[in-house]
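>>> I would like the atomic coordinates for the input below:
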Amino acid sequence: MLFERQPLRHTPAGLPVVEATIMHQSEQIEAGQSRRVECEVQVIALGHPAEALSRIGTGEKLAIRGFLAAKSLRRRHDLVLHIEEFELLN
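Numbering: from 1, shown residues only. Below is the predicted model:
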């Protein structure tokens, strides 16, 4: 679910970018036991996904495909999910 979204902005090179936070909730099996998982994940979208994400309201459920990367060289333990594509879920 899209929890928070910053306004669309552009990089110095003119590339659209949106930073946001998603709320993940799921039920997983760990060591044969059911476990409820909830967490907030920082995400970033560039280019076309950023433009599309900028039009989505908070509270919308999303399926996201992307990759994890360190927030910066100095903050290698802080991960950000880079959105390559997403779709709205009903």
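
>>> From now on I want contacts and neighbour counts done on CA atoms only, so please keep to that.
OK.

>>> Let's see the distance spanning stretch 68-82 from one end to the other.
6 Å (C-alpha to C-alpha, to the nearest Å).

>>> roughly how far is that stretch from the heart of the chain?
13 Å (C-alpha atoms, centre = their mean, to the nearest Å).

>>> same thing with stretch 4-19?
Distance of stretch 4-19 from its chain centroid, counting by C-alpha atoms, centre = their mean, is 14 Å.

>>> Buried residues of it, list them for me.
Buried residues in stretch 4-19, counting neighbours by 16 or more other C-alpha atoms under 10 Å, are found at 5, 8-9, 16-19.

>>> Now do the same for that stretch: mean pLDDT, whole number.
Averaging pLDDT along stretch 4-19 yields 97.

>>> partners of the most centrally placed residue in the chain in the sheet?
The centre of the chain sits closest to residue 43, judged by C-alpha atoms, centre = their mean, with a distance of 3.1 Å. With DSSP bridges as the criterion, residue 43 is bridged to residue 20, residue 81.

>>> Quick one: residues contacting it.
Residue 43 makes contacts with 19-22, 80-83, as judged by C-alpha atoms under 8 Å, 6 or more residues apart in numbering.

>>> May I have the phi/psi pair for the spatially most distant residue from the centre of the chain?
What lies farthest from the middle of the chain is residue 32; by C-alpha atoms, centre = their mean that is 28.7 Å. Backbone torsions of residue 32, given as degrees, to the nearest 10, read phi 80, psi 0.
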